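Visitor: What follows is a predicted protein model with its sequence.
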Amino acid sequence: MLTTQPDFYNTIIIGGGSAGCVLANRLRVDPGQRVLVLEAGRRDAWWDIFIHMPAALTYPIGSKYYDWRYLSEPEPHMHNRRIAHGRGKLLGGSSSINGMIFQRGNPLDYARWSRDPGLTRWDYAHCLPYFKRMENCLAGADEFRGGDGPLLLERGPASSPLFRTFFEAVQQAGYTLTDDVNGYRQEGFAAFDRNIHRGRRLSAARAYLHPVLARPNLTVRTGAFTTRIVFEGKRAIGVEVAEAGRSPQLVRGGRIICCGGAINSPQLLLLSGVGPAAALEALRIPVVQDLPGVGENLQDHLEVYVQHACTQPVSMAPALQWWNKPWIGAQWLFLRRGPAATNHFEAGGFVCSNNEVDYPNLMFHFLPVAIRYDGTSPSGGHGYQVHVGPMNSDARGSVKLRSTDPTIHPALRFNYLSTAQDRREWVEAIHVARTILGQPAFAAYDGGEISPGPAVQSDAEILDWVARDGETAYHPCGTCKMGTDVVSVVHPDTMQVHGVEGLFVVDASVFPYVTNANIYAPTMMVAEKAADLLLGNTPLPPAQAEFYRRRPVDDARA
């Protein structure tokens, strides 16, 4: 039986992840407002080295203690493989288990957003002030970068001989270097910004939530699994929460904000009767609001590793040996330095794979070691690799309920490699990667390609290898997209769910299109801007900073 808790909260935030931490920090500024954060996962304990040590990121991904461990449905264009999708299961959400790379995306990503109905205030000029507000860029503030925000951003040192060789090779291949991929010019190669400070992961929870936990008007509950949003008519009046050892309880709130991400937010809306009426009725879920776009428009980045053996002992391979780990761990624990104090994703870049695109559609991350996300090393010795994949895929998938049981993961289908554009750009991506790694700069180190290997040459062989070996880059988004057309879910000026009152969504699910880079920074920007919208503040004025364009271009075509 559902009982009602006596407390009333002005705002209930469902999910203590990246967006939820920003909103908790910003919305608690009014002392008369009581804010509750409900996080289904665990706390990000100060002593937990697996989330705070940057190089330990391979441990939480795939662990039931830190990761919701979603699996896609069999992907029809990837030999019916089920693709694992890690999502953070603790305070900080995926920012507590991700690769700590901070990428805004290209300014023309937001030009694309702004061309959708109702989204004129989401162009780059309107988003840039919110990017700057959240940043404390230790490389220096300027017209593009912020200098006093909660997120301290360190630039990767990229000091290994292999990083220097990589920068030389990209120039030999005809590409350019850039000063800052988050600044004036994204296109090119550079050291990357990272969410690491003094050798420690700086998650959204550490940057935004922990500094305000002592505020009397902010309550954070972990192990609190929201199973349903409760409505009276069309108004959301609270949430049903299940906690260990207690019967489900109704917690009442003035407004409910879903911050569960691109998988959980649409799942919760559907379970609560907000979504495609036919799908809800098939599961005998009472329809509160017929919104056909809930769970649709799912987008992601797929990536592969192009790996080479290294003939000289200059890679990070020794750090993987068990006998070196105690010393490496001690260096990090007591000095916050050494191989454990970096994410190793210290540099990379953005290029165009063909002349038809107006801004970069490929992203590269370079690592001075040959290793997979799960920590396995195919070479068993020294190596290096690039992660690469198309950033603007036109493949679209969906999130659908399997059951009315909220503990059962929804059905995820991404439809990777399902379009002609996707397949074309994948072939181009591998050719570009091989061109860079085959330059004379690498001659002194190159011990041969490990993956995909010399047997993979033709376009068909490349696509078959991608289908067998590709992995998610962990960037799902778009499933509750903002806009004003018939398949939009969230109003872009209020973040309120169309057709109901008191219910909002703020997370990566509201993206109309995936950005051409990692999505953590855009998610935080959306939450920063949403906080002003929810507080009724005057939005920050647009910033007219002229950014690099590879050629004169009409934004309507970008």
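Guide: Structure received. Since the structure is predicted, the reported quantities are computational estimates derived from the model, not experimental observations. Numbers count the residues shown, from 1 in each chain.
Visitor: got the CA positions of the lowest-mean-pLDDT helix or strand in the chain in CSV?
Guide: For the chain, using mean pLDDT, DSSP states H and E, the weakest element among its helices and strands is helix 325-335, scoring a mean of 89. Extracted as CSV, the C-alpha positions of helix 325-335 are listed here (Å, rounded to 0.1, in the frame of the first residue of the first chain):
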residue,chain,number,x,y,z
LYS,A,325,50.3,-1.3,-9.4
PRO,A,326,51.1,-1.1,-5.7
TRP,A,327,53.7,1.7,-6.3
ILE,A,328,51.5,3.5,-8.8
GLY,A,329,48.6,3.3,-6.3
ALA,A,330,50.8,4.7,-3.5
GLN,A,331,52.0,7.6,-5.7
TRP,A,332,48.4,8.5,-6.3
LEU,A,333,47.2,8.0,-2.8
PHE,A,334,49.9,10.1,-1.1
LEU,A,335,51.1,12.4,-3.8
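Visitor: List the buried residues of that helix.
Guide: Within helix 325-335, the residues that qualify as buried by neighbour count (16 or more other C-beta atoms under 10 Å) are 328-329, 331-332. (C-beta placed from N, C-alpha, C; glycine too.)
Visitor: Let me know the pLDDT of N537.
Guide: According to the predicted model, the pLDDT of N537 comes to 95.
Visitor: What is the neighbour count of it?
Guide: The burial metric for N537, expressed as a neighbour count using other C-beta atoms under 10 Å, is 11.
Visitor: What residue, apart from its backbone neighbours, is nearest it spatially?
Guide: Counting by C-beta to C-beta, 6 or more residues apart in numbering, N537 lies nearest to A531, which is 8.0 Å off, once chain neighbours are set aside.
Visitor: Assign a three-state SS to I256, would you?
Guide: Under the three-state scheme (DSSP: H, G, I helix; E, B strand; the rest coil), the conformation of I256 reads as strand.
Visitor: Identify the residues contacting it.
Guide: With contacts taken as C-beta atoms under 8 Å, 6 or more residues apart in numbering, I256 has the following neighbours: 12, 14, 229, 236, 238-239, 502-504.
Visitor: try 7 Å this time
Guide: Under the criterion of C-beta atoms under 7 Å, 6 or more residues apart in numbering, the contact partners of I256 comprise 12, 14, 229, 236, 239, 502-504.
Visitor: before we move on, what about Y445?
Guide: Shown here is Y445, whose contacts under the criterion C-beta under 7 Å, 6+ apart are 162, 165, 310-312.
Visitor: How about R336?
Guide: 198-200 are the contacts of R336 under C-beta under 7 Å, 6+ apart.
Visitor: Just the buried residues of those residues.
Guide: Going by neighbour count (16+ other C-beta under 10 Å), the contacts of R336 have 199-200 buried.
Visitor: picking that back up, mind putting the contacts of Y445 into TSV with pLDDT, secondary structure and neighbour count?
Guide: Converted to TSV, the contacts of Y445 look like this (pLDDT from 0 to 100; DSSP: H, G, I helix; E, B strand; the rest coil; neighbours: other C-beta atoms under 10 Å):
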residue	pLDDT	secondary structure	neighbour count
L162	97	helix	26
T165	98	helix	22
C310	96	strand	25
T311	96	coil	15
Q312	96	coil	12
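Visitor: right, and out of those residues, which lies closest to T515?
Guide: Set against T515, the nearest of the contacts of Y445 by C-beta to C-beta is L162 (27.8 Å).
Visitor: Next up, the contacts around the residue nearest to that closest one when sequence neighbours are not counted.
Guide: Leaving out its chain neighbours, the residue that sits closest to L162 by C-beta to C-beta, 6+ apart is P368, at 4.0 Å. Remark: with contacts taken as C-beta under 7 Å, 6+ apart, P368 is in contact with 160, 162-163, 315-316, 344, 384.
Visitor: Give me the contacts around the least confident helix or strand of the chain.
Guide: Residues lying outside helix 325-335 but in contact with it, judged by C-beta under 7 Å, 6+ apart, are 53, 199, 319, 337-341.
Visitor: 10 Å - rerun?
Guide: Helix 325-335 has contacts (C-beta atoms under 10 Å, 6 or more residues apart in numbering) with 49, 52-56, 199-200, 318-321, 337-342.
Visitor: Also stretch 453-471?
Guide: With contacts defined as C-beta under 10 Å, 6+ apart, stretch 453-471 is touched by 75, 77-81, 83-85, 302-305, 307, 372-374, 387, 389, 416-417, 422-424, 426-431, 434, 448-449, 451-452.
Visitor: shaky segments in the chain?
Guide: Screening the chain residue by residue with the criterion pLDDT under 70, one finds the ranges 1, 373-380, 553-558.
Visitor: ok, and for the helix or strand where N297 lies, which residues are buried?
Guide: Assigning secondary structure by DSSP states H and E places N297 in strand 296-298. Going by neighbour count (16+ other C-beta under 10 Å), the buried part of strand 296-298 is 296-298.
Visitor: So which residues of the stretch 351-500 of the chain form helices?
Guide: In the stretch 351-500 of the chain, helices defined by DSSP state H, counting those that start in this stretch lie at 420-437, 459-469, listed in chain order.
Visitor: Only C-alpha atoms, please: export the shortest one in CSV.
Guide: As requested, C-alpha coordinates have been extracted for helix 459-469 and formatted as CSV (Å, rounded to 0.1, in the frame of the first residue of the first chain):
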residue,chain,number,x,y,z
ASP,A,459,35.0,-1.2,-47.5
ALA,A,460,32.9,-4.3,-46.8
GLU,A,461,35.6,-5.8,-44.5
ILE,A,462,35.8,-2.5,-42.6
LEU,A,463,32.1,-2.3,-42.1
ASP,A,464,32.0,-6.0,-41.0
TRP,A,465,34.8,-5.3,-38.5
VAL,A,466,33.0,-2.2,-37.1
ALA,A,467,29.9,-4.3,-36.8
ARG,A,468,31.8,-6.9,-34.8
ASP,A,469,34.0,-4.7,-32.8
